[in-house]
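Enquirer: Test case, fold it:
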Amino acid sequence: MTREHLRREDPDRLYTVTGGRSRANESALDLVTLIVSEGDPVPGMQSEHVKILRLCRLPTALVEVASELGLPVSVVKILLCDLLDTGRVTARHPSPAPADTDLPDLETLKQVLVGLQKL
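Expert: This next block holds a predicted model:
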């Protein structure tokens, strides 16, 4: 989504989509949080909620959901919090690498970076 697209977005529509709310529970979701639908849409649901449930049948990152809907991430977070509160979706945070994972040493990483910069 480009900045121009956001400027053209009708603020009244975004206000309506979010029910007038401007903030979501920021601690519950970040850009890489994986969203998974827990059921199918039901009649009478908000169209954006329906799209999210259909899109997230497989784990989908929050940033991908926002991109597919063509909405700002902040608006999608509000919509996802609605669905989380009703149990229609679950949020999974990516698991960190195990502590015993062998990572390359810092010197090797620096050499790779220098090599890439020379390309």
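
Enquirer: per-residue confidence averaged over stretch 41-55?
Expert: The pLDDT scores in stretch 41-55 average 90.

Enquirer: What lies in contact with that stretch?
Expert: 17, 35, 37, 39-40, 65, 68-69, 71, 76, 79-80, 82-83, 88-89 (C-beta atoms under 8 Å, 6 or more residues apart in numbering). (Each C-beta comes from the backbone N, C-alpha and C, glycine too.)

Enquirer: Identify each buried residue in that stretch, please.
Expert: Neighbour-count burial for stretch 41-55 flags 41, 45, 48-49, 51-53 (criterion: 16 or more other C-beta atoms under 10 Å).

Enquirer: that older thread, return the members of the contacts of stretch 41-55 classed as buried.
Expert: Buried members of the contacts of stretch 41-55, counted by 16+ other C-beta under 10 Å: 17, 35, 37, 65, 69, 71, 76, 79-80, 82-83, 88-89.

Enquirer: The closest residue to T90 other than its chain neighbours in helix, strand or coil?
Expert: Nearest residue to T90, sequence neighbours excluded (C-beta to C-beta, 6 or more residues apart in numbering): V36, at 5.2 Å. At V36 the chain is in strand, as set by DSSP: H, G, I helix; E, B strand; the rest coil.
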